[in-house]
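Enquirer: Got a sequence here, can you model it:
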Amino acid sequence: MDQAVARPQPVQRIIKIRRDYNRWVSDETLEDYALRFTPRSFRKWSAFRVANTAFGAVSFLALEAIGASITLSYGFTNAMWAIAVVSLVIFLTSLPIAYHAARRGLDMDLLARGAGFGYLGSTITSLIYASFTFIFFALEAAIMAQAFELWFDMPRSIGYLLSALLVIPLVTHGVTLISRLQLWTQPLWIVLLALPFVAVALKDPHAYVAFTSLHGRNSGVDGFSWPAFGAAATVAASLIAQIGEQVDFLRFMPEPTKQTRWRWWGAVIVAGPGWIVLGAAKMVGGAFLAFLALQHELPLQRALEPMQMYLIGFEQVVGVGAGAIFLAGLFVIVSQIKINITNAYAGSLAWSNFFARLTHSHPGRVVWLVFNVLIAILLMVMGVFEALDQVLGLYSHLAVAWVGAVVADLVICKPLGLSPKNIEFRRAYLFDINPTGFGAMLLASALSVATYAGVFGQTLRPASAAVALLVALLASPLIALATRSRYAMAREPADFGVRHRVMRCAICRNKFEADDMAQCPAYGGPICSLCCTLDARCGDRCKPGSRIHEQLTDVVRWFVPSHVSPEMIRHVYSGRCCGCCTRRSACACMAIPCRWPAISTYCSGKYLRGCSC
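Expert: Numbers count the residues shown, from 1 in each chain. Okay, here's the model as predicted:
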């Protein structure tokens with residue numbers, strides 16, 4: 001029987017209803033353009049102020065904990081090689097991400113959309129990024145709880161709660177308040193950071209020499225070991241996702257001019273990839289302080305706690321007693337406030353992007369801030385600090401695969417013309433899934449985790465993080481070539497003329513710069529990116545064939561007979577009967593068999609129970 005002739009679909013009429021956002025969303029001092037392009041009019045801070053705000057995130061003491069953990073486990077030689085190699089990789093991968101984010105005013109989630117992942121594909125990257133923020137928030141808050149325990153003899157459980165909730169009021173007003181806090185606390189933090197190491201250099205310089213002979217308890221050898229190096233590098237590689245937090249502040253960087261070009265580049269490099277320079281030094285410093293703690297006969301688990309590390313360090317400054325306890329506690333609390341306002345802020349952006357795409361609603365960044373903090377409290381109670389190596393070792397593969405896929409698009413695909421030069425983040429112009437980045441990330445994650453699990457043998461296992469990076473870098477351009485980049489753009493963006501032009505959204509009636517606007521045929525006018533994200537009525541009329549079920553239809557067509565219609569395929573995997581039996585006057589109980597034998601069992605078993613024929 002011939003296929004049914006496709007009937008033209010009637011055009012749905014959508015009545016415009018003005019969208020009024022609640023106070024938390026409409027107030028950009030609270031919202032900070034969480035789901036939007038950051039307009040030039042809002043980038044009012046100097047390059048130094050923005051860079052200082054982003055660089056304040058380097059205060060996190062998980063760096064010291066990671067450095068101490070891998071050094072005590074795998075020895076000085078293996079840990080130092082791992083820190084050096086991973087730091088170089090982080091610097092090189094972070095540089096293009098930092099540049100494009102600062103140049104185009106996009107946070108990490110919006111950047112991933114246009115860097116090979118597509119509109120819904122980037123929801124997975126948002127989830128990976130959100131996981132990074134609450135994992136490290138939990139680690140840092142647990143460290144702060146150690147300071148409360150030493151200062152006030154406070155139970156750890158209460159300290160966890162206090163250290164987490166303390167951050168919420170500091171983050172509600174976004175970058176406006178965060179930039180002030182980072183500016184005020186930076187001089188004190190730098191002085192306190194350097195004091196212990198200067199004191200040891202003056203009083204006992206031979207301790208640094210003795211540190212270089214430290215042997216790891218898990219390495220099994222005195223010198224370099226490939227398995228030990230790989231295990232240490234895998235844990236350290238989890239830090240590659242930190243560039244996302246740097247970018248969340250770099251998007252506020254003012255546009256460069258001829259007069260400010262060099263200052264702009266300096267600020268982007270220092271606050272973007274440059275964070276790992278001080279970060280690597282802090283990892284080495286943490287390992288050294290843990291070594292000193294062991295010399296003072298502290299148990300191994302206590303020596304890995306940053307509070308105990310810096311307590312031993314400040315005892316070299318002011319001697320044993322209340323002074324050292326005060327300075328160590330002050331340093332830890334200042335450090336943790338500086339980093340956790342960054343973790344909480346970045347997490348609120350990631351969750352906002354994640355849930356806005358899935359639910360077509362956005363109650364405000366502040367709501368997701370609280371949500372992120374609550375998850376972190378749960379992790380602290382579960383003992384995330386005690387399982388540091390295991391948690392970060394597994395997470396690092398996802399983080400490296402994600403960042404590697406983004407870098408591959410920015411550094412390889414765009415220069416070669418395999419993806420658009422512009423980084424497009426607006427829903428109106430994107431496919432739901434772009435297999436270039438999304439597919440590369442999935443492939444890299446799967447292969448690297450399998451390598452980490454020993455599927456390909458123990459020799460290759462230490463290189464699991466490197467597998468994630470290399471596969472992502474290679475797979476992205478190869479997938480782009482195989483698909484001929486057809487999933488990069490769903491349609492050509494409308495030209496509104498001058499980019500700085502301010503336009504009024506047809507839905508919310510608010511004014512935004514042209515970079516944030518798209519031409520919407522459903523509503524017959526320009527629409528801002530947030531209204532476009534939250535709209536659930538238009539059915540993506542502006543870009544036929546771009547929705548995920550339509551893309552799946554293209555994939556399924558490779559595995560079904562050529563005479564099967566796209567409508568038939570969509571009905572089957574979307575959970576609705578095709579209705580072919582009723583269209584040809586057959587009874588619903590299939591007295592006349594379904595004309596699609598390959599799925600007749602599926603139809604009869606799922607849809608025809610209780611037939612009334």
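
Enquirer: Low-confidence bits of the stretch 301-450 of the chain, can you list those?
Expert: Scanning the stretch 301-450 of the chain for pLDDT under 70 picks out nothing.

Enquirer: So this structure: which segments form each domain?
Expert: For the chain, the structural domains run 30-414, 557-607, going by automatic domain parsing.

Enquirer: Comparing these, which yields the minimum mean pLDDT?
Expert: Among the domains of the chain, domain 557-607 carries the lowest mean pLDDT, a mean of 49.

Enquirer: Quick one: residues contacting residue 140.
Expert: By CB atoms under 8 Å, 6 or more residues apart in numbering, the contact set of residue 140 is 60-62, 336, 339-340, 343. Just so you know, the C-beta spots here come from the backbone N, C-alpha and C atoms, and that holds for glycine as well.

Enquirer: let's see it at 10 Å
Expert: 59-62, 65, 163-164, 167, 306, 332, 335-340, 342-343, 376, 380, 385 (CB atoms under 10 Å, 6 or more residues apart in numbering).

Enquirer: do residue 404 as well
Expert: Residues in contact with residue 404, defined by CB under 10 Å, 6+ apart, are 89, 93, 240, 437, 440-441, 444-445, 448, 468-476.

Enquirer: switch the cut-off to 8 Å
Expert: 93, 440-441, 444, 468-473.

Enquirer: tell me which element it falls in.
Expert: helix 388-408 (DSSP states H and E).

Enquirer: how distant is that helix from the center of its chain?
Expert: 10 Å (CA atoms, centre = their mean, to the nearest Å).

Enquirer: Repeat that for stretch 84-101.
Expert: Its chain's C-alpha centre and that of stretch 84-101 lie 15 Å apart, by CA atoms, centre = their mean.

Enquirer: from what I can see, residue 519 looks like it's in a helix, true?
Expert: No: Residue 519 is assigned strand when assessed by DSSP: H, G, I helix; E, B strand; the rest coil, not a helix.

Enquirer: Excluding chain neighbours, what is closest to it?
Expert: Distances taken as CB to CB, 6 or more residues apart in numbering place residue 494 nearest to residue 519, at 3.6 Å, with adjacent residues excluded.

Enquirer: I figured that neighbour hits residue 521, correct?
Expert: No: the criterion here is CB atoms under 8 Å, and residue 494 misses it with residue 521 at 10.2 Å.

Enquirer: Residue 370: what's its closest spatial neighbour, skipping adjacent residues?
Expert: Using CB to CB, 6+ apart, the nearest residue to residue 370 is residue 168, at 6.4 Å.

Enquirer: which outside residues touch stretch 112-125?
Expert: The contact list for stretch 112-125, computed with CB under 8 Å, 6+ apart, reads 100, 106, 108-109, 126, 353-354, 357-358, 402, 405-406, 408-410, 413, 419-420, 422-425, 427, 430-434, 436-438, 440-441, 476, 480, 487-488, 548.

Enquirer: wait, stretch 481-497
Expert: Residues external to stretch 481-497 that are found in contact with it (CB under 8 Å, 6+ apart): 116, 118, 413, 418-420, 422, 424, 426, 428-431, 433-436, 480, 503, 514, 517-519, 526, 542-543, 545-546, 551.

Enquirer: now the angle from the helix or strand where residue 97 lies to helix 388-408?
Expert: Secondary structure assigned from DSSP H and E places residue 97 in helix 76-104. Counting by axes from the mean of the first three to the mean of the last three CA atoms, to 10 degrees, helix 76-104 lies at 40 degrees to helix 388-408.

Enquirer: Name the residues of helix 76-104 that come out as buried.
Expert: Residues of helix 76-104 classed as buried: 76-83, 85-87, 89-91, 93-104 (neighbour count, 16 or more other CB atoms under 10 Å).

Enquirer: What of stretch 519-535?
Expert: Buried residues in stretch 519-535 (16+ other CB under 10 Å): 519-520, 522-523, 526-535.

Enquirer: Also stretch 474-481?
Expert: By 16+ other CB under 10 Å, the buried positions in stretch 474-481 come out as 474-477, 479-480.

Enquirer: before we move on, the earlier item: ok, the contacts of residue 404 vs residue 322, which is closest?
Expert: Closest approach to residue 322 among the contacts of residue 404 (CB to CB): residue 93, at 44.8 Å.

Enquirer: Next, the contact list for the closest one, please.
Expert: For residue 93, the contacting residues are 240, 243, 403-404, 407, 469, by CB under 8 Å, 6+ apart.

Enquirer: Highest neighbour count among the residues you listed?
Expert: residue 403 (30 neighbours; other CB atoms under 10 Å).

Enquirer: right, and the secondary structure at residue 223 would be what?
Expert: The three-state label given to residue 223 by three-state DSSP is coil.

Enquirer: Just give me the neighbour total for it.
Expert: Residues near residue 223, counting by other CB under 10 Å: 11.

Enquirer: which helix of this structure spans the most residues?
Expert: Selection of the longest helix in the chain by residue count, based on DSSP state H, yields helix 322-359.

Enquirer: what helix or strand is residue 36 on?
Expert: Assessed by DSSP H and E, residue 36 sits outside every helix and strand.

Enquirer: and the next element down the chain from the strand or helix carrying residue 149?
Expert: Element membership of residue 149, judged by DSSP H and E, is helix 122-152. Downstream of helix 122-152, the first helix or strand assigned by DSSP H and E is helix 156-165.

Enquirer: Which strands and helices lie in contact with that following helix?
Expert: For helix 156-165, the packing partners by 3 or more CB pairs under 8 Å, 6 or more residues apart in numbering; DSSP states H and E come out as helix 122-152, helix 365-381.

Enquirer: Pull the residues that contact the shortest one.
Expert: To tie it back to what came earlier, the one meant is helix 365-381. By CB under 8 Å, 6+ apart, the residues outside helix 365-381 that reach it are 24-25, 30-32, 34, 130, 133-135, 137-138, 141-142, 145, 157, 160-161, 164-165, 167-168, 171-172, 174, 343-345, 347-352, 355.

Enquirer: Please name the residues that touch residue 111.
Expert: 97, 100-101, 104, 247, 406, 423, 425.

Enquirer: Pipe these into a markdown table and attach distance to residue 217 per row.
Expert: Below are the contacts of residue 111 laid out as a markdown table (distance: CB to CB, whole Å):
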| residue | distance to residue 217 |
| --- | --- |
| 97 | 36 |
| 100 | 43 |
| 101 | 41 |
| 104 | 47 |
| 247 | 37 |
| 406 | 37 |
| 423 | 46 |
| 425 | 47 |
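
Enquirer: Which residue is the nearest non-sequential neighbour of the residue sitting nearest the centre point of the chain?
Expert: Geometric centre of the chain, nearest residue: residue 129, 2.2 Å, by CA atoms, centre = their mean. Nearest residue to residue 129 in three dimensions, chain neighbours excluded: residue 350, at 4.5 Å (CB to CB, 6+ apart).

Enquirer: Same check on residue 41?
Expert: Computed as CB to CB, 6+ apart, the closest residue to residue 41 that is not its neighbour in sequence is residue 513, at 7.4 Å.
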